[in-house]
Every structure is written in structure tokens, then in C-alpha cells.
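[1] Next come a sequence and a model predicted from it.
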Number of protein chains: 2
Amino acid sequence: MPLKNDLLLRTIRGEQTERTPVWLMRQAGRILPEYRAVRDELSSFIELVQTPERAAEVTIQPVDLLGVDAAIIFSDILVIPEAMGLPYEMVENKGPYFPQTIRTENDLKKLRVADISENLAYTPEAIRLVKQELDGRVPVIGFAGAPWTIFAYMVEGTGSKTFSKARAMLYNRADMAHQLLQMITDSTIAYLKAQIQAGADLVQIFDSWAGILPAAHYHHFSLPYIAQICKAITSVPVTVFAKGAYASLPDMRSLACQTIGLDWNMDIAEARKVIGPDKTLQGNLDPAALYADFATIKKLTTDMLNAFGPRRYIANLGHGVYPDIDPDKVRCFIDTVKEHRHH
Amino acid sequence: MPLKNDLLLRTIRGEQTERTPVWLMRQAGRILPEYRAVRDELSSFIELVQTPERAAEVTIQPVDLLGVDAAIIFSDILVIPEAMGLPYEMVENKGPYFPQTIRTENDLKKLRVADISENLAYTPEAIRLVKQELDGRVPVIGFAGAPWTIFAYMVEGTGSKTFSKARAMLYNRADMAHQLLQMITDSTIAYLKAQIQAGADLVQIFDSWAGILPAAHYHHFSLPYIAQICKAITSVPVTVFAKGAYASLPDMRSLACQTIGLDWNMDIAEARKVIGPDKTLQGNLDPAALYADFATIKKLTTDMLNAFGPRRYIANLGHGVYPDIDPDKVRCFIDTVKEHRHH
């Protein structure tokens, strides 16, 4: 069915639009009491991710409750390791934990390239339900983690300030690192294609731990795998969000993607200069700005809109919305974008 | 007494030297079995910090065991909150934890500007012992956290990926934030002066959480307080290390400090261009590079030395050495610097 609101897709194509589209990373999640009610009915975060009906329900909530211009499928980047044979737990208030990790060739041998229909059908199924339910109201965004970020968790086993074990492998077993990164990449391409097949109108790649790599390693161990994914996905637009990849922004210009996400530390004018005029930019209000009062949120959002300008720009935060932000502050951000007109 | 090895100080003054000086952030610490032996005799990390004889002992270990060109006093940046009236615990494998935090004006009222001779005499005393024991073999580096980084811990109460509670205060109680930052700054200036009085030959300011602030906030809530400290310390050279402050490097040029520390993500040529020729640079090998084999460490270290060039440069890592690094790998890094000659 045709989209009733295709503002996001027209913006990505570089068309002149009536206003700037807006959505938020992590918009489906703990900020909404309606999400927490669903979550409380289930035994775990992972059960919610793996139950298409409920994942679909929380995906649609921010469209109804906040008025965003896109739905992003409720899921988790770590479904890929899970489908490759490395299960994880989500520890409340602590984050992901992998009982087994990948450190040796033997560990690597136990992994498989994910068979999506076999091991990861729940997310495409959730997208199918969302598309049906939304009936074209807004586009649906599919997503996956970037191979480096997924690799970091699979080797380290948890979140980490340094990811020193994951980064050690880049120095002392680069061959193994590339093998694992390629398996993740192949799994991710199959996964994103299944999401598109199920109806995703665009996809986003999250490189959450880009910022921890020295530039030379980022060029060697992250960007080539993101580039493979961008090349493989030809039927819908691709967004790449590499948090903290300041030194690598110039290289992202040559990725076969349509949109680059900016984190809240990235300078808007500088990023536009470095990325050039041919890609759409997305971001980048400091998520902590939504702790401010309404007038300040309006001012900061308006400043951001003016800095990015009217074309090839999607309003968003510079990272996921923090779970304890008042939904009314989120609405203030969204409404400010929707009411803004460039002169 | 005059220093026998004043290579570090001559380099900071911009003199031509026979070779590049080298030391490592966190060189006194868990990488050395000799450190762990001392630590195991005491009940806690904080007890070690507060016991001048033992702090002095572990400060000198890397001079004897690794051959570095400077000793950095063994201490912790969080002694400042402790001395201001906000005690903390160091939870093994987890990091610092403050039972009370600063969130309200009432919390703020309970704090005092640190009285160093009353509440923080142990670190200057440890420096006195180190100076005595070293007898001029190498210079001694004193240090403190940057006010923003100390503030972040005092408000948040623990380490955090987002420091969202600390950053919330910058948006919704900027007045309180400035009050607290000024109290921290006044405490820090007194503390650094006491360290210098005790014999510190130079001091370093660590802004570990610089990278989490948007540039506008960094300019407003961090740099002015660092600038105050730099201006107040006139008798010895000052080094400023602001991890992740990419967007703010140009502004650091105007700080009244002699040396700028670079993290491992900062591009060497770019940093030199931005900082200009009048300051010494320090850094910035990826700490994870010391997981590599000896030949790779030599190569990466040599590449770094050539990139920085022979003048106004102090070899170091781009962050603290990771605790599980083999001391022989650290020695390989140090020896490579010491044997290197620029052609």
C-alpha cells in the first residue's frame, strides 16, 4: 500500500519538502508508560523482542502517542549473535551479558552464519504485523548493528568502557577478527533483506562502538563491512549511524548509503562540509537536552533545525532517548520540529 | 636537588633533546605484580591512596621496574570530592561509588571547599616521600581531575555510559552546576599548589569525561574551569588531557598550559595543526596496541614517534595502560621510544 506520510523517504531522496521529518532513536521503549505496561506482562526484554505481536504493538506506540514520522521496529542489535549461535541475557540496569564469548578458533567454529527463517524469523514477522497495522500511516525502519559493534559484544561478552578484549583481537588475531566480522556481515545482510522483504521501507545500521577504535582500525575493521552491507542493500535507502567516528566521517562520504546519522558531539556545519551535499543528515540534539524546560527544548531544537537547513535533513537526537525523559518533553521536541518553517 | 633526568621538562620547554621522553598513564598500578603485592597487603584501594608510605612505594616502582622518564604520584582523582565532604568507595571491578550525590541545593550546602592540610594532606605527603626517595632521578608529576569530570562523578554517583544525571543539571540547574564547578576548581587549585609545594615538578589535569559533552557545553562548563587552574598554576608546567574533546581542541590552544595530551583517536598531524607549534603534545598510542606481539608494538611505536617528530613531544599511551597488559610489552614500548633516533 502507498504511504500516507512519506516525508522521510522524500527527504532522503533530497526532495524539497513541506517540513522536516522527525523520529527518535529508542522511541519505542521505556520512556512510554504504555511500553512499560507491555514489558511488565512479559518475563524479559528478550521475550518481548522475540514475540512478534508484542514487538509490533510497542513499535506502533510512538506513532500513536508521540506523532513521529516513522516507526522503527522494536528489536535489539544482539539478535544477530543469538541467531549465529551465541545466546545472551539482558541484565536489568546493567545491559547485555554473553555466558560464552568468542576468543579462540574453537569458539569461532561453533558459530554459523545466521539462518534468518530458522533462527531470526521473529523480527521480520513483527515488521509484517506493523506494516499491516499501520496501513501506510508512516514508513517502517528496519535496523541492525554494524559488524564491528556486534563483534565487540561477542568477543568482550558485556558492555565495557574500553572493550579491551575485543580490541586486543584486532591486534593479535586480525585473521580471526576478519573471519568473525565477515560471518556477522553475511548474517546481517540476510537479516536486513528479510526485514525489507517483510516491508521495511528503509534500514539503519548502528555502529554504537565506532568511537572506541583508532581511525586506522576503523577503516580496516569496521568501514569495509558497513560498505559491504550498503552495497548489498539496493532496494531501500540505508542510514549509517557511527557514534563517535569523528575521524572517519570523511570516509563515510563514499559509502553507498543515503543518510548519515550524527551524534550530539558532531558539529553540524563541519559534518555537512565533510559529507558533502549528496547525502541526507540525521540527528543530533543532545539526548540530555530533553531534561531542560520546555522553552529551552524549543530553543535548542529550533537552533538545530536552522543549523541543518531545510533540505536533506531528518530531525532526531544524537543518540537514543534516555529512559527517564518525560514523554511531554519528547512531544515538545517533536512538535517544535513539526511546527518549524524555514524562511 | 637538581634533576639527573630532566628530559621531560626540557621537552616541555621546547628545547631540542637527545631523545623523546616517555611515561605511561596508570604506570603505577595493576600491570605490575609488585604493585599488586602492596595492594594485597592493604584492605582497599582507598587505603593505599591515603597511606603516604605505600603510595610513595608504588609511585616509584615503574621508575625502577620499567625505566620511565617520570614518576606520577599514585593517587585518585576522586580524593577531591572526598576532601570536599563527599566520601566514596571503590568497588572492585566496578569503579567508584558515592553513597551520597549532589542533586539539590541542600546537597550542595553540605560541601566545603577542600582544606588540603586538613583533609587531603596524604597526597602532598606522599610526594614529599617520593621526592626524597627518588633523589632527583626523574621528575614527579602531580595531578588532579578536571572540574567537569569530578562534577560528573559527584552528581551521577558512579561511572556511567551517559552521565545523564550530571548532564541534566547542566540543562536545568546551570546556576547550581557553576557553583559546584567553582567549589571543585577552588579545591583543585589549592590541591595542586600543595602538590607543587611538596615537590611536584609538573602537574597534569585529567578531563576523562570531556568527550561526553556537546561542544557548547564543553566551552561553557569545562574549559573555563580548566583555564582558571592553568592560570593559577604558574610555578611548574601544566599538562591538560581531555579525552574525547575533539571539537574543542582548537580552543585548548589558548589555555595557559604547556602540554596537551591526546587520546588514541586523535589524529596526530591534525592535532599539531590545530594546537599550533607552541605547545608540547603528549600521547597517544592505543592502549590496546600493547596486546600485540613485540614486533607490532615496535612498529606502531616507531610510526607514532615519526608522526609526532623530534620536538615538543612526550611519548605516552592515548589513555591509561590496561591492567592486564604484560609488563614486558610495556617495556617494549618504553625501550622503543628510548632507542629511537630521528634522522
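    On my side now, so go ahead. Numbering: from 1, shown residues only, chains lettered A, B, ... in the order given.

[2] Quick one: name the residues of the stretch 201-343 of chain A near chain B.
    A:211, A:213-215, A:217, A:244, A:246-247, A:264-267, A:286-289, A:291-293, A:296, A:318-319, A:322, A:324 (CB under 8 Å from any CB of the partner chain). (Glycine included, C-beta is placed from N, CA and C.)

[3] do that again at 6 Å, thanks
    A:P214, A:Y246, A:A247, A:W264, A:N265, A:D267, A:D286, A:A288, A:A289, A:Y291, A:A292, A:Y322 (CB under 6 Å from any CB of the partner chain).

[4] Sort those residues by pLDDT and name the bottom one.
    Least confident entry in those, by pLDDT: A:A247, with 86.

[5] How about that residue: what's its closest non-neighbour residue?
    A:A215 (3.9 Å; CB to CB, 6 or more residues apart in numbering or on different chains).

[6] Report pLDDT for the one you found.
    pLDDT recorded at A:A215 is 92.

[7] cool, A:P2 as well?
    88.

[8] For B:V79, see how far away it is.
    From A:P2 across to B:V79, the span is 64 Å (CB to CB, to the nearest Å).

[9] more crowded one of these two?
    B:V79 (23 against 5; other CB atoms under 10 Å in any protein chain shown).

[10] Please work out which residues outside the helix or strand containing A:N316 touch it.
    In this structure, A:N316 sits in strand A:313-317 according to DSSP states H and E. Among residues not part of strand A:313-317, those counted as contacts by CB atoms under 6 Å, 6 or more residues apart in numbering or on different chains are A:T11, A:T20, A:P21, A:V22, A:L24, A:L281, A:Q282, A:G283, A:L285, A:P287, A:V337.

[11] out of those residues, which are inside helices?
    A:T11, A:V337 (DSSP state H).

[12] Just put the contacts of strand A:313-317 in a markdown table and tack on distance to A:Q50, pLDDT and neighbour count.
    Listed next are these as a markdown table, based on distance: CB to CB, whole Å; pLDDT from 0 to 100; neighbours: other CB atoms under 10 Å in any protein chain shown:
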| residue | distance to A:Q50 | pLDDT | neighbour count |
| --- | --- | --- | --- |
| A:T11 | 33 | 98 | 26 |
| A:T20 | 35 | 98 | 23 |
| A:P21 | 30 | 98 | 26 |
| A:V22 | 29 | 98 | 26 |
| A:L24 | 24 | 98 | 26 |
| A:L281 | 34 | 98 | 22 |
| A:Q282 | 28 | 98 | 27 |
| A:G283 | 30 | 98 | 24 |
| A:L285 | 32 | 98 | 24 |
| A:P287 | 27 | 98 | 22 |
| A:V337 | 33 | 98 | 23 |
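
[13] Can you tell me the centre-most residue of chain A?
    With distances taken as CA atoms, centre = their mean, A:F206 lies nearest the centre of chain A, 4.2 Å away.

[14] Give me the distance between the helix or strand containing that residue and the centre of its chain.
    Element membership for A:F206 (DSSP H and E) is strand A:202-207. Centroid separation for strand A:202-207 versus its chain: 5 Å, with CA atoms, centre = their mean, to the nearest Å.

[15] next one: stretch A:10-26
    16 Å.

[16] now stretch A:66-74
    Offset of stretch A:66-74 from its chain centre (CA atoms, centre = their mean): 13 Å.

[17] And the contacts of strand A:313-317, which is closest to B:L65?
    A:P287 (44.3 Å; CB to CB).

[18] residue contacts, the closest one?
    A:L317, A:H319, A:V321, A:Y322.

[19] Same question for A:E34.
    A:E34 touches A:Q61, counting by CB under 6 Å, 6+ apart.

[20] Contacts only, for the residue nearest to the centre of chain A.
    By CB under 6 Å, 6+ apart, the neighbours of A:F206 are A:I77, A:G145, A:F241.

[21] Which one of those residues is nearest to B:I31?
    A:G145 (32.0 Å).

[22] how close does the spatially closest residue to the closest one that is not a sequence neighbour sit to A:R112?
    If the residues on either side of it in the chain are set aside, A:G145 comes closest to A:I77, at 3.2 Å by CB to CB, 6+ apart. For A:I77, the distance to A:R112 equals 18 Å [CB to CB].

[23] quick one, which of these two is more surrounded?
    More crowded of A:I77 and A:R112, by other CB under 10 Å: A:I77, with 19 against 14.

[24] On the three-state scheme, the more buried one is what?
    coil (DSSP: H, G, I helix; E, B strand; the rest coil).

[25] circling back to that earlier point, now render the contacts of A:P287 as a markdown table, adding distance to B:L108 and secondary structure.
    As requested, the contacts of A:P287 are arranged in a markdown table below (distance: CB to CB, whole Å; DSSP: H, G, I helix; E, B strand; the rest coil):
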| residue | distance to B:L108 | secondary structure |
| --- | --- | --- |
| A:L317 | 29 | strand |
| A:H319 | 29 | coil |
| A:V321 | 28 | coil |
| A:Y322 | 23 | coil |
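
[26] re the thing from before, what's opposite the residue nearest to the centre of chain A in the beta bridge?
    With beta bridges defined as DSSP bridges, A:F206 has these partners: A:G145, A:F241.

[27] do you know how far it is from chain B?
    Distance of A:F206 to chain B, computed by CB to the nearest CB, to the nearest Å: 15 Å.

[28] Tell me who's in contact with A:I189.
    A:I229, A:A232.

[29] Tell me which residues of the host helix or strand of it come out buried.
    Assigned by DSSP H and E, A:I189 belongs to helix A:174-197. With burial defined by 16 or more other CB atoms under 10 Å in any protein chain shown, the residues of helix A:174-197 counted as buried are A:176-178, A:180-181, A:183-196.

[30] Stretch A:233-246 too?
    A:I233, A:V236, A:P237, A:V238, A:T239, A:V240, A:F241, A:A242, A:K243, A:G244, A:A245, A:Y246.

[31] Now the two most distant members of these.
    Greatest spatial distance in those: A:V236 and A:Y246, 27.7 Å, computed using CB to CB.

[32] For A:F163, state which of the contacts of A:P287 is nearest.
    The closest of these, once distances to A:F163 are taken by CB to CB, is A:H319, at 17.4 Å.

[33] just so I have it, where are all the helices in the stretch 51-200 of chain A?
    A:52-65, A:79-84, A:105-109, A:116-119, A:122-134, A:147-156, A:164-172, A:174-197 (DSSP state H, counting those that start in this stretch).

[34] Buried deepest among those helices, which one?
    helix A:147-156 (a mean of 27; mean count of other CB atoms under 10 Å in any protein chain shown).

[35] hmm, that one in reach of chain B?
    No - judged by CB under 6 Å from any CB, helix A:147-156 makes no contact with chain B; its nearest approach is 11.7 Å.

[36] Please state the offset of that helix from the chain centre?
    On CA atoms, centre = their mean, the centre of helix A:147-156 falls 15 Å from that of its chain.
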